[in-house]
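Colleague: generate a structure from the sequence data that follows.
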Amino acid sequence: MTGQTELYDLAKRAFDVVASTLALAGLLPGMLLVAATIVLDSPGPALYRSKRVGKDGKEFTFYKFRTMYQNADSMLGELLESNEIEGGVIFKMTNDPRITRVGKFLRKYSIDELPQLFCVLKGDMSIIGPRPGTPREIALYDERAKRRLTVQQGMSGEWQAYHRNGTSFSEMIDCDLDYIDNKRSFLYDLKLITVTIKEVFSGNGR
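Modeller: The predicted model follows:
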């Protein structure tokens with residue numbers, strides 16, 4: 001089993017490097033156009049950087065296209081009562097007032113997630129795995145939820161592919177642990193990538 005796990009990890013990393021390199025090479029012109037549109041739409045940088053927690057609790061810099069106004073983080077405390085994700089660990093709100101006009105479109109088609117390809121290339125993330133939480137979120141995890149951190153965190157995963165918008169935090173943990181314990185394989189990762197791409201093109205983003 002250990003040998004199979006090591007082989008899977010090697011194949012997964014090789015795939016991540018090749019796929020992220022090819023994706024960035026093909027998407028870079030479009031990403032530059034997106035960056036310019038963000039800057040023209042509202043004051044602030046095109047990229048949003050934040051700290052996330054990866055495998056084994058290691059923190060890394062996480063990249064997204066900025067979809068919110070510059071003061072969005074300072075407004076979070078005022079909006080927590082409107083959180084639509086049961087459990088209070090992660091935050092989601094329909095018609096979040098912090099999201100810009102361009103940001104709504106980028107989120108609808110998950111275009112804001114593309115800069116995370118750099119995180120994949122660096123080895124901080126994988127294309128498939130549990131979504132990385134912020135240090136604030138991880139501090140609220142119980143021991144069961146912390147098991148998510150035993151594998152490389154990803155751009156997409158079981159939850160994002162099949163339960164994109166309609167589940168609780170507890171159900172999200174169930175999905176991720178089911179993937180970790182029962183489903184992790186190269187072929188299943190390819191299936192999750194396919195399902196995720198279909199969801200992205202359907203416009204069922206956050």
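
Colleague: could you use CA atoms for every contact and neighbour count after this?
Modeller: Will do.

Colleague: excluding its backbone neighbours, what's nearest residue 120?
Modeller: Excluding its sequence neighbours, the residue lying closest to residue 120 (CA to CA, 6 or more residues apart in numbering) is residue 126, at 5.1 Å.

Colleague: phi first, then psi, for the one you found.
Modeller: phi -120, psi 170 (degrees, to the nearest 10).

Colleague: what bridges to it?
Modeller: residue 154 (DSSP bridges).

Colleague: pLDDT below threshold where in this structure?
Modeller: Applying pLDDT under 70 to the chain flags the ranges 1-3, 72-95, 164-167, 204-206.

Colleague: what residue lies at the spatial centre of it?
Modeller: residue 155 (4.2 Å; CA atoms, centre = their mean).

Colleague: do you know how far the closest residue to that residue other than its chain neighbours is from residue 120?
Modeller: Residue nearest to residue 155 in three dimensions, not counting chain neighbours: residue 127, with 5.0 Å by CA to CA, 6+ apart. With distances taken as CA to CA, to the nearest Å, residue 127 is found 7 Å from residue 120.

Colleague: who are the packing partners of the helix or strand containing residue 18?
Modeller: Element membership of residue 18, judged by DSSP states H and E, is helix 2-41. Secondary-structure packing of helix 2-41 (3 or more CA pairs under 8 Å, 6 or more residues apart in numbering; DSSP states H and E): helix 101-108, helix 116-122, strand 126-128, helix 186-202.

Colleague: one more pass at 10 Å, please.
Modeller: strand 47-53, strand 59-65, helix 101-108, helix 116-122, strand 126-128, helix 186-202 (3 or more CA pairs under 10 Å, 6 or more residues apart in numbering; DSSP states H and E).

Colleague: mind listing what's buried in it?
Modeller: Buried residues in helix 2-41, counted by 16 or more other CA atoms under 10 Å: 9, 12-13, 16-17, 19-21, 24, 31, 34-35, 38.

Colleague: do stretch 154-172 as well
Modeller: Neighbour counts over stretch 154-172 (16+ other CA under 10 Å) mark 154, 155, 156, 157, 158, 159, 160, 161, 164, 168, 169, 172 as buried.

Colleague: same thing with stretch 44-56?
Modeller: Per 16+ other CA under 10 Å, stretch 44-56 contains these buried residues: 45, 46, 47, 48, 52, 53, 54, 55.

Colleague: nearest to residue 99, of those residues?
Modeller: residue 48 (12.7 Å; CA to CA).

Colleague: which residues does the closest one bridge with?
Modeller: Beta-bridge partners, per DSSP bridges, of residue 48: residue 64.

Colleague: could you measure from it over to residue 106?
Modeller: 13 Å.

Colleague: can you check residue 195 too?
Modeller: In terms of CA to CA, residue 195 sits 19 Å off from residue 106.

Colleague: and the two? Which one has more around it.
Modeller: Legend: neighbour count by other CA atoms under 10 Å for residue 195 and residue 106, higher for residue 106 (22 against 17).

Colleague: residues in contact with the more buried one?
Modeller: 34, 38, 65, 66, 67, 100, 112, 113, 114, 203, 205, 206 (CA atoms under 10 Å, 6 or more residues apart in numbering).
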